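Asker: Quick one, structure for this:
(chains A and B)
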2 protein chains.
Amino acid sequence: MKTIVIGANGTIGALVVERLKGAGHEVIPVGSSSGAHRVNMEDPASVDALFRAVGRFDALAVAAGHVTFKPFAELREADWAYSLGSKLMGQVRLATAAIPFLHDGGSITLISGVTAREPIKGGVAAAAVSRAIEGFAMAAAPELPRGIRINVISPTVLDESMEAYASFFPGHESVPGARVANSYLKAIAGGFTGQALVP
Amino acid sequence: MKTIVIGANGTIGALVVERLKGAGHEVIPVGSSSGAHRVNMEDPASVDALFRAVGRFDALAVAAGHVTFKPFAELREADWAYSLGSKLMGQVRLATAAIPFLHDGGSITLISGVTAREPIKGGVAAAAVSRAIEGFAMAAAPELPRGIRINVISPTVLDESMEAYASFFPGHESVPGARVANSYLKAIAGGFTGQALVP
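Answerer: Down below sits the predicted model:
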């Protein structure tokens, strides 16, 4: 199984690459600024060029996209444009552009986050974006052709990241990154579609 | 209580105006193209001008915003930009710009829709937008100053609209528009905040 991992150099992406390789996938790691394959998910032309370069494949796994974290009172139009353009539309256009290149029965796995479910300090744009991604997958699932599935991984903060982000997550239980990576494998290999999986 | 109703000439908005007047509100009806007060919610300057013209008030109720309905395979970047720019960002900027003009303990009530919960034919952008609005309210609620509350009304198709939209809602139970209007009053007059109310 040939799987493209977007955000392969990130904390989650690197664990996903490792987990999928362990499960026998031929992994195509894609970063934004290093590696043999690169993509700027905010640029439709860059997204199209990536898939043309890679050719047909079986699964797309995304662990990338940015949102602005700041107090609601300081959120400006530009912060919304950045957040919607990167984590939401970046993933929407990756998913949309992937379809013609996916083999029958292939899958798309996107990322949202705990901000979809719980109010995190400064996470207003993140909440909107994470919910939007989950709604996108729910509604797109029944419209996908050729048995292609789409799901979303919705992780809380990772054990590996808790020290850096502790002030955003008081009282939250972090999860091992390996559990998040496992959820990607479960979404790809299982029968889920239209679901948001919480690792 | 002085309440601004955005989308006052629409099916839902007109019922909201009527219901709030019946409950004793001083209603300021706002349309996009007719009436004493008008707003283009896609234009930040127009939104700012509206609130400066009206001055201080107690409640903002929004029943406006557009999204593109079309098969996922036909959804283009421009459709997403239109949908995110109108129903999502239109409401985000109305809510954001309203805050300095709202009296202490005031409220903001936005609109999402059944597309947030159920996959409707052609409703991929609507699903993403509706979920985003509900996530926005959930996360913004605890960051609002001076006891201001924010909620979302998430109606399914109205009895009054079912004939026109029946093909999108096979097997769905429509609801009376009066029940949707009641939900706006409940959100404004009650203690809810950060909630999505399903009429």
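Asker: what are the C-alpha coordinates of stretch A:131-138, in CSV please?
Answerer: Extracted in CSV, the C-alpha atoms of stretch A:131-138 (Å, rounded to 0.1, in the frame of the first residue of the first chain):
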residue,chain,number,x,y,z
ARG,A,131,-15.1,21.5,13.6
ALA,A,132,-15.2,22.5,9.9
ILE,A,133,-12.8,19.8,9.0
GLU,A,134,-14.9,17.2,10.8
GLY,A,135,-18.0,18.5,9.1
PHE,A,136,-16.3,18.4,5.8
ALA,A,137,-15.4,14.7,6.2
MET,A,138,-18.8,13.8,7.5
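Asker: residues in contact with it?
Answerer: Outside stretch A:131-138, the residues that touch it by C-beta atoms under 8 Å, 6 or more residues apart in numbering or on different chains are A:84, A:87-88, A:91-92, A:95, A:110-112, A:116, A:150-152, A:154, A:194-196, B:88, B:115-116, B:119, B:124, B:127-132, B:134-135. Just so you know, the C-beta spots here come from the backbone N, C-alpha and C atoms, and that holds for glycine as well.
Asker: what ranges of chain A fall below the confidence cut-off?
Answerer: Within chain A, the set of residues satisfying pLDDT under 70 is empty.
Asker: Kindly list the longest strand within it.
Answerer: Among the segments of chain A that qualify as a strand by DSSP state E, the longest is strand A:102-111.
Asker: List the neighbouring strands of that strand plus their orientation.
Answerer: When sheet partners are counted by DSSP bridges, strand A:102-111 sits next to strand A:57-62 (parallel), strand A:149-153 (parallel).
Asker: I'd like those written out as CSV, with distance to A:Gly35 and mean neighbour count added.
Answerer: Output for the strands paired with strand A:102-111, formatted as CSV (distance: least, C-beta to C-beta, whole Å; neighbours: other C-beta atoms under 10 Å in any protein chain shown):
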stretch, distance to A:Gly35, mean neighbour count
strand A:57-62, 15, 25
strand A:149-153, 21, 26
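Asker: secondary structure class for A:Ser125?
Answerer: Not quite, residue A:125 is Ala, not Ser. Using DSSP: H, G, I helix; E, B strand; the rest coil, the structure places A:Ala125 in helix.
Asker: what's near enough to touch it?
Answerer: Residues in contact with A:Ala125 (C-beta under 8 Å, 6+ apart) are A:Val67, A:Thr68, A:Phe69, A:Leu75, A:Asp79, A:Trp80, A:Ser83, A:Leu84.
Asker: now the residues you listed as a markdown table including distance to B:Val16, neighbour count and secondary structure?
Answerer: Listed next are the contacts of A:Ala125 as a markdown table, based on distance: C-beta to C-beta, whole Å; neighbours: other C-beta atoms under 10 Å in any protein chain shown; DSSP: H, G, I helix; E, B strand; the rest coil:
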| residue | distance to B:Val16 | neighbour count | secondary structure |
| --- | --- | --- | --- |
| A:Val67 | 32 | 22 | coil |
| A:Thr68 | 32 | 21 | coil |
| A:Phe69 | 34 | 18 | coil |
| A:Leu75 | 27 | 20 | coil |
| A:Asp79 | 30 | 16 | helix |
| A:Trp80 | 26 | 23 | helix |
| A:Ser83 | 30 | 23 | helix |
| A:Leu84 | 28 | 26 | helix |
